[in-house]
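In: quick one, structure for this:
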Amino acid sequence: MLLYEQLPRFFLAGLRWSDSPPAIQLIQLAICVGTLVVMTGFIGATFPAAVAAASRGAAHAGQDVGRTYAINTVGCIGGSILAGFVLIPAVGLHASLRLAGVANFLLAVLLCVTPWSLISMGRAALATAAALGALGTSLVPPWSFDVLASGVSVYAQGYLRSGWSRYLSRPTATDAIIFDRDGLTATVSAHQKGKMRFLRVNGKTDASTDTDMPTQLLLGHVPMLLHPAPREVAIIGLGSGITAGGVARYPLDRLDVVELEPAVREAARLFAEHNGGVLDDRRVRVWIADGRNYFLTTPRRYDVIVSEPSNPWIGGLASLFTTEMFQHARARLRPGGIMVQWLHGYSLDGDDLRMIVRTFASVFPGATLWAASRNDFMLVGWSGAATVDLPTLKTRFEGHADAALDLERAGVKRWTDVLGHLILGGADLVRLAGEGPLNNDDRLTLEFTAPRALYRETADSNWQLIVGSRRAELPEFTPASRGLLEEVDTRHALGLELARWNLMGLALTQFDHALALDPRHAPSLVAASAASLLSGRSGQALELATRAMAVEPRNARACYLAGIATARSIGTSRAVPLFERAAALAPGDSAIHRAIIRSRGWDLLAGTWTGGDEQDIAQVFTR
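Out: Numbering: from 1, shown residues only. This is a model prediction of the structure:
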C-alpha cells in the first residue's frame, strides 16, 4: 500500500533503459514479481499453517483438512462478494485494502489474547505489535488519483519526455479531475482541461470532446445514414455517450448500449452537454454486461450494431475483434442490417491491422473501410449484399436536420462530406486484408501481438498502408447512385474531401470529372489548380488558375494560385502583379499578404520561389 503509488515511477525508470517489447515485458515482470512475490508467498503459507493448527492428529487428518478447506472456500467466496460488490464500489480500492489490513491485524490481536490461543510465548509483545500494525494501516494516506489516472503504461514516452520519472514526489496536476471512481472492473475518471473534457479508464483516454469528437460522431452517424430505415440499434461501449447521442438524433424505437463498467455510465452523465443527455432518453437502455455475452444471450435483433471497445492491446479486449464476435453480431442483425467496427491505426502493427480487416471481411464480405481521421477507422459490413447507396445517404442526411447539425462538430456540412470519409471498398479492401491467419478464439493472436506495438509510432505507416491499397477511383456504389455521381457538385465535393486527406492524385481525378461535366465550373478549376501545385505541377496549376480567372475575374483565390504557379514556373517578379490583384480583391486574406511580403523580399533577389506555402495553398480545400 505504501509503494503502490510509486510503481509508475519504477516503470518509467526502467523504460529509460529501453522501450523495446522484450525490455518492456521484462520490466513489467520485474515489477510484478517484486511487488507480489512476498505477499503471495505468505498468502500461500496460510492454508497449510491453518491445517497444522487445526490438526487433532493423524486419526482425524482427513476430517480436519476437509473442515479447514470448507471454511477457506466459504471465506474466499464471501470475501470476493464483499470486496467486489460492496466495499470497492462503496469506499474505493484503497479504503477497502486498508479495512482488510486492519481486520487482519485485529484478528492477529485476537489470536494472541484469547485463552484458547495456540501462541504460548511473547503473546503480549505480539498483540502489541499487531495492534500497532492495525493503527499504522488505518493511517496510510490515500493514493493520489492523479497517479492512478495518469495512464503511465500507455503514455510512458510522453512522461519520459517531460521528465516526470526523475521525481518520486507526486506530479503537479495538469488538469482537474471532476470524477473518479474505483469501479467493479476498472478505475474510471473524468478530466477537465481548459474547454476540453475527457474520460479515462485505467488511465487511458477512451473519449474526449476534442480530438476524438469526429470519431465518436461518425461511428454513430455513418451507419444511420447508410441504412434506409433503422429502428433498433445496439452499441458496444458507452464511453462519453457521444456516439449514442449521435444515433439518438434519428427516429428510433430502441437504442441498447452495452457497457462493462458501471462507473463509465456515471461518468458519461458529465458529458450530457455533448451527448445530448442521451442517458435520459426513454428509448435508451444501458446494459451492464460483456458485449460478447450480451449478443450470445439476447433474443433481440438490430438494424445497426456499433462496436467501439477500447484498444486490443488491453487484456481481454482482443476477443472483441475475433471471427466469433463478428459472427455473433451478424447473427443479431436483421436483413440489410449494418455493423460498424472501430479500428485504430496508431500503436498497432501493420500486420495486426490487416489481420483485423481480414477477420472482419471474412464474416462481412464486401465490407468497406472509412476514415474518421488518419488515426481512427471504421469497418462497415452488411448482413446481406454490401452496398453504399448514395440516394439513401443524401436523402437521410438532408431529411434529418438535427443529425446534420450534430455532424457539423465533426466538420461535416454536406452529405458528400460524409462520403469523403469512405477510403476503401471491394477489391481495394481485399488487397489491404491480404492473405494470412484470422484472429479467432482458438488462436487469439491479437491478444499477444497488439501489446508489443504499444510504444511504436505506426500511425503514418498504417495510413500509407491503407491509402496505398487504393486502386479504384471510387469504391463501388449501387446502380441508383450513378445519377448523383454525374453531378458536377458531387464530383467537386468528393475531390475536396480527397484533397483534405492529402490524396491529391485521386482528388485531381474527381476535379477532372467535374470539369468534364462543366468546363467553366470555377470552384473545380481553383481546387484543381491548388491540387496541381501541391503535386508539383506548376504549369498545369497556372493553366487551371488562368481558366478560373477568365470565368470569374474577381476570384481572389484564382489570382493567388496563378501568382504562386507563376512564381514557381516563371519567376517571382512576374508573380507580383497577380498577388497585388488578389490582395485588392480580398484585402483581409492573410495568405495573400504573406505571398506579397515574400515576393517583395529576399525571394525576389533569388529570382525563384522557394516554396513553404503548402498550408496556405491547402486552405482552398477548407469547408
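
In: phi and psi next, for Met196.
Out: Backbone torsions of Met196, given as degrees, to the nearest 10, read phi -90, psi 140.

In: show me where the stretch 301-450 of the chain has helices.
Out: Along the stretch 301-450 of the chain, counting by DSSP state H, counting those that start in this stretch, helices occupy 323-331, 350-363, 390-399, 401-407, 415-419, 427-433, 445-449.

In: nearest to Ala50, of the ones you listed?
Out: Ala50 sits nearest to helix 445-449 of all the helices of the stretch 301-450 of the chain, at 36.9 Å, using CB to CB. Every residue, glycine included, has its C-beta placed from N, CA and C.

In: for the helices of the stretch 301-450 of the chain, which one ends up most surrounded?
Out: helix 415-419 (a mean of 23; mean count of other CB atoms under 10 Å).

In: secondary structure class for Gly239?
Out: coil (DSSP: H, G, I helix; E, B strand; the rest coil).

In: bridged to the residue lying closest to it once chain neighbours are set aside, which residues?
Out: Distance criterion CB to CB, 6 or more residues apart in numbering; nearest residue to Gly239, sequence neighbours excluded, is Ala207 at 3.9 Å. Here Ala207 sits in beta bridges with Leu199, going by DSSP bridges.

In: so where's the protein uncertain?
Out: 116-121, 164-174, 600-612, 623 (pLDDT under 70).

In: mind listing what's buried in the longest strand belonging to it?
Out: Assignment by DSSP state E gives strand 333-344 as the longest strand of the chain. Residues of strand 333-344 classed as buried: 333-334, 337-344 (neighbour count, 16 or more other CB atoms under 10 Å).

In: can you report how many residues neighbour Phe179?
Out: Counted with other CB atoms under 10 Å, the neighbours of Phe179 add up to 18.

In: SS state for Leu184?
Out: Leu184 ends up coil, using three-state DSSP.

In: surely it and Phe85 touch.
Out: Yes: Leu184 is within contact range of Phe85, at 7.4 Å (criterion: CB atoms under 8 Å).

In: compare those two (neighbour count), which wins?
Out: Between Leu184 and Phe85, counted using other CB under 10 Å, the more crowded position is Leu184 (14 against 11).

In: what are the neighbouring residues in contact with that one?
Out: Shown in contact with Leu184 (CB atoms under 8 Å, 6 or more residues apart in numbering): 84-85, 88-89, 261-263.

In: do Leu218 as well
Out: 370, 372, 378, 407, 410, 412, 418, 421.

In: how does it look with 6 Å?
Out: 372, 410 (CB atoms under 6 Å, 6 or more residues apart in numbering).

In: distance check, it against Val264.
Out: 21 Å (CB to CB, to the nearest Å).

In: on that earlier part again, the contacts of Leu184 in helices, which ones?
Out: 88-89, 262-263 (DSSP state H).

In: want to throw these into TSV with neighbour count and distance to Thr35?
Out: Formatted as TSV, the ones in helices among the contacts of Leu184 follow (neighbours: other CB atoms under 10 Å; distance: CB to CB, whole Å):
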residue	neighbour count	distance to Thr35
Ile88	19	19
Pro89	16	25
Pro262	15	28
Ala263	22	25
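
In: which residues in this protein form strands?
Out: 176-182, 187-193, 196-201, 204-208, 232-236, 254-259, 284-288, 302-307, 333-344, 368-371, 376-382, 422-425.

In: now those strands in JSON lines, with distance to Ala130?
Out: Output for the strands of the chain, formatted as JSON lines (distance: least, CB to CB, whole Å):
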{"stretch": "strand 176-182", "distance to Ala130": "27"}
{"stretch": "strand 187-193", "distance to Ala130": "31"}
{"stretch": "strand 196-201", "distance to Ala130": "38"}
{"stretch": "strand 204-208", "distance to Ala130": "40"}
{"stretch": "strand 232-236", "distance to Ala130": "48"}
{"stretch": "strand 254-259", "distance to Ala130": "43"}
{"stretch": "strand 284-288", "distance to Ala130": "40"}
{"stretch": "strand 302-307", "distance to Ala130": "51"}
{"stretch": "strand 333-344", "distance to Ala130": "51"}
{"stretch": "strand 368-371", "distance to Ala130": "62"}
{"stretch": "strand 376-382", "distance to Ala130": "54"}
{"stretch": "strand 422-425", "distance to Ala130": "65"}
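
In: out of those strands, which is closest to Glu473?
Out: strand 422-425 (11.7 Å).

In: just give the nearest non-adjacent residue to Leu517, would you?
Out: That would be Val488: by CB to CB, 6+ apart, it lies 4.4 Å from Leu517.

In: so the chain: which segments form each domain?
Out: For the chain, automatic domain parsing gives the domain ranges 4-147, 208-467, 486-621.

In: could you work out the end-to-end span of the second one for me?
Out: For domain 208-467, the first and last residues are 27 Å from each other (CA to CA, to the nearest Å).

In: equivalent analysis for stretch 312-332, please.
Out: Note: stretch 312-332 ends 23 Å apart using CA to CA.

In: from the middle of its chain, how far away would that stretch be?
Out: Chain-centre distance of stretch 312-332: 16 Å, with CA atoms, centre = their mean, to the nearest Å.

In: with stretch 399-410 instead?
Out: Centre to centre, stretch against its chain (CA atoms, centre = their mean), the figure for stretch 399-410 is 22 Å.

In: distance to Gly316 added to the helices of the stretch 301-450 of the chain, as CSV?
Out: What follows is those, written out as CSV (distance: least, CB to CB, whole Å):
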stretch, distance to Gly316
helix 323-331, 12
helix 350-363, 16
helix 390-399, 36
helix 401-407, 32
helix 415-419, 33
helix 427-433, 25
helix 445-449, 8
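
In: let me see the contact set for Phe145.
Out: 177, 180 are the contacts of Phe145 under CB under 6 Å, 6+ apart.

In: how about 10 Å then?
Out: Residues near Phe145 by CB atoms under 10 Å, 6 or more residues apart in numbering: 92, 94, 173, 177, 180-182, 187, 189.

In: now, of those, which are buried?
Out: Among the contacts of Phe145, the ones that count as buried by 16+ other CB under 10 Å are 92, 94, 180-182, 187, 189.

In: adding distance to Phe295, write these out as a markdown table.
Out: Converted to a markdown table, those look like this (distance: CB to CB, whole Å):
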| residue | distance to Phe295 |
| --- | --- |
| Gly92 | 32 |
| His94 | 36 |
| Asp180 | 31 |
| Arg181 | 27 |
| Asp182 | 28 |
| Thr187 | 27 |
| Ser189 | 29 |
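
In: returning to what we had before: just so I know, which of the helices of the stretch 301-450 of the chain lies nearest Gln619?
Out: helix 415-419 (16.8 Å).

In: elements contacting the closest one?
Out: helix 213-226, helix 390-399, helix 401-407, helix 482-485, helix 488-500 (3 or more CB pairs under 10 Å, 6 or more residues apart in numbering; DSSP states H and E).

In: which one of the ones you listed lies closest to Phe448?
Out: Taking CB to CB, helix 213-226 is the member of the helices and strands packed on helix 415-419 nearest to Phe448, at 26.1 Å.

In: rewinding a little: and the buried residues of strand 333-344, which is closest to Leu270?
Out: Trp342 (22.0 Å).

In: beta partners of the closest one?
Out: Beta-bridge partners, per DSSP bridges, of Trp342: Met378.

In: in contact with it, which residues?
Out: 215-216, 218-219, 236-237, 243, 306-311, 320-321, 372, 376-379.

In: buried residues in the lengthiest helix in the chain?
Out: Ordering each helix of the chain by length in residues (DSSP H) puts helix 21-54 first. By neighbour count on 16+ other CB under 10 Å, the buried set for helix 21-54 is 24, 27, 50-51.

In: kindly report the same for stretch 225-237.
Out: 225-227, 230, 232-237.
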